[in-house]
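Visitor: got a predicted structure here, sequence first:
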Amino acid sequence: MTAGSRGDAAPYTGLGHALTRAGHQVTLVTHARFAPLAGAAGLAFHPLSTDPREAMESEKGRALQRCSTGAGQLARVVALARSCVDEMAEDLLKAAQDADVLLVSSSLGLLGYTLAEGLGLPGMGVYLQPLAPTGEFASCVTGTRSWGAAGNRLTGRAVNAAVDAIFAGAIRSLRVRLGLPPGSTRAARRARERRRWPVHHGFSPLVVPRPRDWRPELTVDGYWWQHDPPGSGELPPRVRDFLAAGPPPVFVGLGSATVPGAARLSATFVRALRAAGLRGIVQRGWSGLEAHGDGLLTVGELPHAALFPRVAAVVHHAGAGTTAAALRAGVPAVPLPLQFDAGFWSARLTALGVSPGPVPLRRLTADALIAALVRVTTDPSYRERARALGARIRAEDGTAPVVAAVNRLAGL
């Protein structure tokens with residue numbers, strides 16, 4: 001069960017496919033627009049009736065885009081999610097009633113746990129971000145500043161409490177319907193900790209080492225990759241022709257991030273690429289970017305696994321999914337963090353030596369992007385470190401620990 005953008009759904013197709021190979025029947029429960037991802041992976045599908053793109057294009061979604069602070073973004077995303085969570089809860093309940101084991105993403109948190117508790121089902125978290133409080137770093141959605149061990153744990157708890165508030169009303173209603181005693185989200189979170197609810201994390205320990213102060217049931221297993229059936233990962237002929245026509249281009253894309261002023265932003269990207277003497281592939285994404293002219297190609301959705309190994313660098317919004325795809329491909333990156341956990345992943349790329357540093361999207365200038373592009377494409381150390389790290393990441397199997405855990409939960 002997961003909710004959010006494409007990056008919040010795609011990794012679970014690979015995880016689900018691994019579970020089907022182990023003999024399980026798997027249903028992906030998420031927004032209807034991602035049904036083709038489930039079908040391509042051979043998974044059953046149960047839709048959520050809410051649409052994340054429509055939500056981001058609503059008045060509340062546009063207010064979120066305009067906000068420039070981490071706290072403000074968190075407050076606005078809480079307001080945005082609250083408007084559709086009751087409808088989602090009904091869809092999730094229907095799906096859970098047919099399940100034997102529940103795997104719940106971080107975006108559904110305590111809502112999924114409440115369903116498991118009320119229906120008497122075993123379950124666990126399958127998270128794409130490190131959200132459990134730790135003294136080693138602040139919450140991954142509040143930025144990159146460390147507040148010291150105690151302060152970092154406090155920010156982690158505060159962010160989790162804010163996220164829990166999204167589901168407070170829906171959880172109260174579910175507890176009544178499922179015959180559970182009334183209780184607050186705070187009590188539910190404490191109960192989940194007492195019961196040692198396991199959480200598996202789908203990112204590499206090479207990128208984010210497991211915090212030493214986490215309880216044993218919180219593990220960092222390695223990335224889960226979108227499942228692409230044989231033959232489905234081919235690039236379109238016009239993309240292959242563009243790649244063959246010159247030196248490796250730079251990929252520019254913001255994925256499912258939505259930003260105002262797409263025309264102005266597109267012009268900034270074009271100016272920076274031309275000034276740096278680079279060819280570019282620009283992905284429209286949900287923001288609707290466009291780039292035209294010699295040495296430029298505008299594309300829709302493309303398989304990152306097929307494209308990224310053939311580019312000189314990836315300029316991206318630092319979402320968890322695109323960050324992972326660039327790391328897997330072994331190419332350096334210029335992150336343009338915008339919101340939520342993007343600052344966290346940008347800092348990790350910089351610390352790993354595969355990026356010259358972030359260029360925050362809200363303060364983006366052509367000059368800043370030109371400088372970053374020149375550094376990342378002319379200093380060979382970035383590509384060398386990215387190539388070495390990518391090889392180690394590709395050698396990991398992040399699905400195996402989850403399959404083993406599900407087998408135990410299912411009594412196999």
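Guide: Happy to help now that I have it. What you are looking at is a predicted structure, and each value in this text was computed from that prediction instead of being measured.
Visitor: list the contacts of the residue nearest the centre of the chain.
Guide: The residue at the geometric middle of the chain, judged as the C-alpha nearest the mean C-alpha position with Cα atoms, centre = their mean, is residue 320 (3.7 Å). By Cβ atoms under 8 Å, 6 or more residues apart in numbering, the contact set of residue 320 is 7, 128, 129, 203, 341, 345. Quick note: C-beta positions are derived from backbone N, CA and C, even for glycine.
Visitor: mind running it again at 10 Å?
Guide: The contact partners of residue 320, by Cβ atoms under 10 Å, 6 or more residues apart in numbering, come to 5, 7-8, 11, 127-129, 140, 202-203, 223, 340-342, 344-345.
Visitor: in strands, which of those fall?
Guide: Filtering the contacts of residue 320 for membership in strands, criterion DSSP state E, returns residue 127.
Visitor: list just the nearest of the contacts of residue 320 to residue 165.
Guide: The shortest distance between residue 165 and any of the contacts of residue 320, using Cβ to Cβ, involves residue 340 and amounts to 16.4 Å.
Visitor: and the gap between the closest residue in space to that closest one that isn't next to it in sequence and residue 360?
Guide: Leaving aside its sequence neighbours, residue 340 sits nearest to residue 141 (Cβ to Cβ, 6 or more residues apart in numbering; 5.1 Å). Going from residue 141 to residue 360 by Cβ to Cβ, to the nearest Å gives 15 Å.
Visitor: neighbour count: the two, which is higher?
Guide: Applying other Cβ atoms under 10 Å to residue 141 and residue 360 shows that residue 141 carries more neighbours, namely 24 against 16.
Visitor: just checking, that one touches residue 337?
Guide: No: applying Cβ atoms under 10 Å as the test, residue 141 and residue 337 come out as separate, 11.3 Å apart.
Visitor: intersection of neighbour lists for those two?
Guide: When contacts are counted by Cβ under 10 Å, 6+ apart, the set common to residue 141 and residue 337 consists of 343, 344.
Visitor: next one: residue 92 from residue 86, what distance?
Guide: Distance from residue 92 to residue 86, counting by Cβ to Cβ: 11 Å.
Visitor: more neighbours: which of these two?
Guide: residue 92 (25 against 13).
Visitor: so for that one, what pLDDT did the model give?
Guide: Note for residue 92: predicted pLDDT of 94.
Visitor: per-domain residue ranges of the chain.
Guide: The chain breaks down into these structural domains: 6-223+396-409, 237-394 (assignment by automatic domain parsing).
Visitor: quick check: end-to-end length of the first one?
Guide: So the one you mean is domain 6-223+396-409. The first and last residues of domain 6-223+396-409 sit 28 Å apart, counting by Cα to Cα, to the nearest Å.
Visitor: report the distance from that domain to the chain centre.
Guide: Between the centre of domain 6-223+396-409 and the centre of its host chain there is 11 Å, according to Cα atoms, centre = their mean, to the nearest Å.
Visitor: cool, the last one as well?
Guide: Averaged C-alpha coordinates place domain 237-394 at 16 Å from its chain's average position (Cα atoms, centre = their mean).
Visitor: mind checking the pLDDT average for it?
Guide: Domain 237-394 comes out at a mean pLDDT of 95.
Visitor: quick one: end-to-end length of stretch 111-131, please.
Guide: In terms of Cα to Cα, the two terminal residues of stretch 111-131 are separated by 16 Å.
Visitor: in that stretch, what's buried?
Guide: Across stretch 111-131, burial judged by 16 or more other Cβ atoms under 10 Å covers 111-118, 122-131.
Visitor: same question, stretch 254-266
Guide: In stretch 254-266, the ones that count as buried by 16+ other Cβ under 10 Å are 254, 255, 256, 257, 258, 259, 262, 265, 266.
Visitor: what do you get for stretch 347-363?
Guide: Judged by neighbour count using 16+ other Cβ under 10 Å, the buried positions of stretch 347-363 are 347, 348, 349, 350, 354, 355, 356, 358, 359, 360, 361.
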